[in-house]
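J.: Give me the fold of what follows.
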Amino acid sequence: MSRVLIVGAGLTGSLCACLLRRELQSKVKIEVWDKARGAGGRMSTSRPPDPACHSADLGAQYVTATSYYAQAHHSLYSELLSCGVLKPLDSPVEGLRQTEGNRDYVTPLGMSSIVKHYLTESGAELSLECHVTGLFRRGALWEVQRKAGSSETFDAVVLTMPVPQILQLEGDVGERETILSIQQKQSLQSVEYSSRFALGLFFPPDSILDFPWAAKYVRENKVICYMAADSRKRNADVAGRGPSLVVHTGVPFGLEHLEKDKEEVQPIIMQEIHKLLPGLPQPISIKCQKWRYSQVLTTVPDCPGHMTILDQPPLVVGGDAFTHSNFDGCVESALSMCRTLKASL
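T.: Numbering: from 1, shown residues only. The predicted structure is shown next:
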């Protein structure tokens, strides 16, 4: 039995784990490590501090399937729809630019429910708050070091975290002592991401959000580009539970304030929210999320789906930086990595 480590419990990592399990079944022992406190990555759903409030999607908001990918990834969409993880987006979204043939889907239980579905299907052993710091080749194995806890060895390693974090690893993969070829390093160094902030506002159960839309794209605002009454967007309002509001900043604002503390940026965003929604009730809690690696602006050249750094022992890196920054881009990367690992293992 081969021991496989997948670093990153986002969509790419969780689907890769699920596909490996389905392809190789009992031939692999799969572990998934993530430095966050919960699974989801940029498809995270933030739980409210009070169970009387609705949760909030602070990252990805919904899934858009083009006509091409609706057919190419038909089995995956059918699976998620049949088990209720995905449902059609039928709530009003102001400013949503529709493209003919596209279909939009929401997640009644939050965006992280997609990731959790694949992790459950994979049977992988999930370790959270597990921050990988170094990767060292030890003969036919990889030794993986982490910030807390002893290092462990694996037959194969898959890295799905943002590319700059891969290049910061100690050992044989980072920028210092490296097994990367010059071309591989240049390709990875060329990747660029956008940055933004997201706010989740949680309101008490008797609060009313007095506007007609479920979500809204905000045009010509220097701070905010998107807002959503999250449970309304998901068509998942529960009586007696307080609403939540999600607010995303635009990329220029995110880049301008990227190195500032969240506590310094949050009041600026709140001031703009009250200008746009002057009658907004007082929230009982606010969560501010800094997305340093929000979406990929410049991908690895030619979008190969993944990069095989070493065939034996297998070391594969992937994610939306190797395809394109949306649901189907992550799916393409996971499929690509699974084909390579299946052949290697």
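
J.: Residue 30 bridge partners, please.
T.: Using DSSP bridges, the bridge partners assigned to residue 30 are residue 4.

J.: Make 899 the starting number, not 1.
T.: In the new numbering, first residue 899, that becomes residue 928.

J.: Let me know the distance separating it from residue 911.
T.: 10 Å (C-beta to C-beta, to the nearest Å). All C-beta atoms are positioned from the backbone trio N, CA, C, and that covers glycine.

J.: residues near the residue nearest to residue 1139 when sequence neighbours are not counted, how many?
T.: Closest residue to residue 1139 apart from its sequence neighbours, by C-beta to C-beta, 6 or more residues apart in numbering: residue 952 at 5.5 Å. Residue 952 is flanked by 24 other residues according to other C-beta atoms under 10 Å.

J.: Need phi/psi at the residue sitting furthest away from the middle of the chain.
T.: What lies farthest from the middle of the chain is residue 1037; by C-alpha atoms, centre = their mean that is 32.9 Å. Here is the backbone geometry of residue 1037 (degrees, to the nearest 10): phi 70, psi -120.

J.: Equivalent analysis for residue 1024, please.
T.: Taking degrees, to the nearest 10 as the convention, residue 1024 sits at phi -100, psi 130.

J.: what's around it, how many residues?
T.: So residue 1024, with other C-beta under 10 Å, has 19 neighbours.

J.: who's in contact with the helix or strand harbouring residue 1228?
T.: Element membership of residue 1228 [criterion: DSSP states H and E] is helix 1225-1242. Helix 1225-1242 has contacts (C-beta atoms under 8 Å, 6 or more residues apart in numbering) with 902, 908-911, 913-914, 917-918, 921-922, 958, 961-964, 967, 970-971, 974, 1054, 1056, 1058, 1202-1204, 1206, 1209-1210, 1212, 1214, 1216-1218, 1220-1222.

J.: what's the neighbour count on the closest residue to residue 1022 other than its chain neighbours?
T.: In space, and not counting its chain neighbours, residue 1022 is closest to residue 928: 4.1 Å by C-beta to C-beta, 6+ apart. As a burial measure, residue 928 scores 23 neighbours (other C-beta under 10 Å).

J.: dump the residue contacts of the spatially most central residue of the chain.
T.: The geometric centre of the chain, computed from its C-alpha atoms, lies nearest to residue 940 (C-alpha atoms, centre = their mean), at 2.4 Å. Counting by C-beta under 8 Å, 6+ apart, residue 940 touches 908, 909, 957, 958, 1189, 1191, 1192.

J.: again, only using 7 Å
T.: Counting by C-beta atoms under 7 Å, 6 or more residues apart in numbering, residue 940 touches 908, 957, 958, 1189.

J.: So it, which state does it fall into?
T.: Three-state assignment for residue 940 (DSSP: H, G, I helix; E, B strand; the rest coil): helix.

J.: mind checking the SS state of the closest residue to residue 1208 other than its chain neighbours?
T.: In this structure, residue 1208 finds its nearest non-sequential neighbour in residue 1077, 6.1 Å apart by C-beta to C-beta, 6+ apart. Using three-state DSSP, the structure places residue 1077 in coil.

J.: right, and residue 1077 touches residue 1070 too?
T.: Yes. The pair residue 1077 / residue 1070 is scored as a contact, 4.9 Å apart, by C-beta atoms under 7 Å.

J.: Compare these two (neighbour count), which wins?
T.: Ranked by neighbour count (other C-beta under 10 Å), residue 1077 and residue 1070 place residue 1070 first, with 20 against 13.
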